[in-house]
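> Model the structure of this input:
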Amino acid sequence: MAPFTLALPYVGLGMSAVLTVIIGFMLASAFPAMIVYAQELLPGKVGTIAGLFFGLAFGLAGIGAAVLGQLADHWGIEAVYKLCAYLPLLGLLAVLLPDMKRLPHTPQAQLKPA
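Residues are numbered from 1 along each chain as shown. Sure thing, here's the model as predicted:
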């Protein structure tokens, strides 16, 4: 996804629409996998994890929009648009996530209901 977002500020309107659709499909396809990964880290807390993910996603999106709006007022919309192109590179931090093969696995049948 990062190559598409890095190119986004430098292409025309038509190609920008195409790249936006591609980026949207990538984000939409990755979200369920992220939720399942987090649910496997905390078995027995499926609803809690799903609620946290959706709540944080919408809450942080609202805060991010306000912060980016303030930055756009001070720096200009073009500078913020170029800055946002680099944000997906934060996904490289996923390398630091724990390896699921090394974590002890607790079968669902052994978990006590909350």
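> Next, the buried residues of the helix or strand where residue 65 lies.
With elements taken from DSSP states H and E, the one containing residue 65 is helix 46-75. Neighbour-count burial for helix 46-75 flags 49, 53, 68 (criterion: 16 or more other Cβ atoms under 10 Å). For glycine as for every other residue, the C-beta is placed from the backbone atoms N, C-alpha and C.
> Pull out the buried residues from whichever helix or strand comes after that helix.
Next in sequence after helix 46-75, counting helices and strands by DSSP H and E, comes helix 77-85. Neighbour-count burial for helix 77-85 flags 80, 85 (criterion: 16+ other Cβ under 10 Å).
> what's the angle between helix 77-85 and helix 46-75?
Following axes from the mean of the first three to the mean of the last three Cα atoms, to 10 degrees, one obtains 150 degrees for the angle between helix 77-85 and helix 46-75.
> contacting residues around helix 77-85?
Defining contact as Cβ atoms under 8 Å, 6 or more residues apart in numbering, one finds that helix 77-85 is touched by 5, 6, 7, 8, 9, 68, 71, 72.
> tell me the secondary structure for the second one?
Per DSSP: H, G, I helix; E, B strand; the rest coil, the secondary structure class of residue 6 is helix.
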